[in-house]
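> Sequence unavailable; structure follows:
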């Protein structure tokens, strides 16, 4: 099959990602863009005008592309090249399933090794100072305080909190709120906020209408021009968190919303919740993903150390040995 109409093929591929695989819009666009850029690069390796015969592309072509990404396109991080290779593998699976090709040249290609770094969390002292930083007497400070406490209180992904609408806030009692999140893969989850963060969120909701443009449904809106009154971007949430992290002296570190999500999971574990309960609260499909968040748990770390009782036992034996000569 020749790639005469690349746009049409990419269109069908995006439909496959959305409808068949159930990928989120952001993932669909990312994978489609990666495939497009691969085919933009391929002519320089022997193709002609974009008319590329898919049936003759081999694993050597893909390997050459990965090398070019590393040496000439500054894609030095393994996780970046691994993501791009995954996109190509899914694309070739799609071609194979539709009968466009008879063999898959990339299915057996090993992905660049990705070393997962140990997640970091905020300490109790850092959380306290973070929550004390926004000036809640000002609209921006009140909004930011509600955001910070919602991040810690429910552990959302950045896109989950960004997509929250007013209709997703469900008050329960005088000062308790349930939040309805739309999660990965079109799934949903309901998470309860305790009284403390609920009060901050409800205070923001009480003034939000004064700062949102007509018809805007987003729970959290920008207060800065030119976006004032419209839904906050994903980058805005990371910027807000970093702003207050810098203010309390957390500098020179990677501070993102994901760090608060790690703190949420770890603190639940330290408070006695089991992995399955935490997995459900975080919207994970299995506990394996949740377990990565427990790597920094004080409770888990204590379980992996030789207990004091064992050291005392050894000390007694050592003392007895010395006495007995």
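Yep, that arrived. Since the model is a prediction, treat every value here as computed from it, not as a measurement. Numbering: from 1, shown residues only.
> wait, residue 233 sits on residue 162?
Yes: contact status for residue 233 versus residue 162: in contact at 7.2 Å, counting by CB atoms under 8 Å. For the C-beta atoms, the positions are set from N, CA and C on the backbone; glycine is no exception.
> Pick out whichever of those two has more residues nearby.
Taking other CB atoms under 10 Å, residue 233 and residue 162 do not tie; residue 162 has more neighbours (19 against 13).
> After the longest helix seen in the chain, which helix or strand is next? Please name it.
Assignment by DSSP state H gives helix 78-97 as the longest helix of the chain. Using DSSP states H and E, the next helix or strand after helix 78-97 towards the C-terminus is helix 124-131.
> Could you tell me the angle between the helix or strand following that following helix and helix 124-131?
Note on helix 124-131: by DSSP H and E, the next helix or strand toward the C-terminus is helix 139-154. Counting by axes from the mean of the first three to the mean of the last three CA atoms, to 10 degrees, helix 139-154 points 150 degrees away from the direction of helix 124-131.
> What helices and strands are in contact with helix 139-154?
helix 124-131, helix 158-162, strand 177-182, strand 188-193, helix 195-208, helix 234-247, helix 257-270 (3 or more CB pairs under 8 Å, 6 or more residues apart in numbering; DSSP states H and E).
> Tell me which of the ones you listed is the most buried.
helix 257-270 (a mean of 22; mean count of other CB atoms under 10 Å).
> Not counting that helix itself, show me its contacts.
Under the criterion CB atoms under 8 Å, 6 or more residues apart in numbering, residues 119-122, 127, 148, 151-158, 161, 237-238, 241, 275, 277-278, 281-282, 290, 293-294, 296-300 lie in contact with helix 257-270.
> and the angle from that helix to strand 188-193?
70 degrees.
> where does the stretch 101-250 of the chain dip in pLDDT?
Within the stretch 101-250 of the chain, the segments meeting pLDDT under 70 span 114-119, 185.
> how is this structure carved up into domains?
6-97, 124-302 (automatic domain parsing).
> List just the one of those that sits closest to residue 111.
Across the domains of the chain, residue 111 has its closest neighbour in domain 6-97 (4.5 Å, CB to CB).
> centre of the chain versus that closest one, how much separation?
Relative to the chain's own centre, domain 6-97 is displaced by 23 Å; criterion: CA atoms, centre = their mean, to the nearest Å.
> Check stretch 102-115 too.
24 Å.
> about what we covered before: find residues that contact each of residue 233 and residue 162.
By CB under 8 Å, 6+ apart, no residue touches both residue 233 and residue 162.
> circling back to that earlier point, can you pull the buried residues of the longest helix of the chain?
Of all the residues in helix 78-97, those buried under the rule 16 or more other CB atoms under 10 Å are 80-85, 87-92, 94-95.
> Find the centremost residue of this structure, please.
By CA atoms, centre = their mean, the mean C-alpha position of the chain lies nearest to residue 157, the distance being 5.4 Å.
> From residue 26, how far out is that residue?
Distance, residue 157 to residue 26, by CB to CB, to the nearest Å: 11 Å.
> Check which residues of stretch 137-149 are buried.
Under the neighbour-count criterion of 16+ other CB under 10 Å, stretch 137-149 has 142, 143, 144, 145, 146, 147, 148, 149 buried.
> can you check stretch 274-290 too?
275, 278, 279, 281, 282, 283, 284, 290.
> Report the two of those separated the most.
Using CB to CB, the pair of these lying farthest apart is 275 and 283, separated by 14.1 Å.
> ok, residue 160 - contacts?
Going by CB under 8 Å, 6+ apart, residue 160 touches 181, 182, 183, 283.
> what's the nearest residue to residue 140 if we skip its chain neighbours?
Nearest residue to residue 140 in three dimensions, chain neighbours excluded: residue 223, at 5.0 Å (CB to CB, 6 or more residues apart in numbering).
> Roughly how far does that neighbour sit from residue 199?
For residue 223 relative to residue 199 (CB to CB), the value is 20 Å.
> In this structure residue 107 contacts residue 88, no?
No: in this structure, residue 107 is not within contact of residue 88 by CB under 8 Å, at 10.2 Å.
> before we move on, the earlier item: go through the buried residues of helix 78-97 and name the one nearest residue 191.
Residue 191 has its nearest neighbour among those in residue 83, at 28.4 Å by CB to CB.
> and the gap between the closest one and residue 33?
To residue 33, residue 83 is 11 Å away according to CB to CB.
> same question, residue 178
Taking CB to CB, one finds residue 178 at 36 Å from residue 33.
> Next: residue 91.
To residue 33, residue 91 is 12 Å away according to CB to CB.
> what number of residues lie near the residue nearest to residue 191 when sequence neighbours are not counted?
Once flanking residues are discounted, residue 191 sits nearest to residue 154: 4.3 Å by CB to CB, 6+ apart. Residues lying near residue 154 (other CB under 10 Å) number 26.
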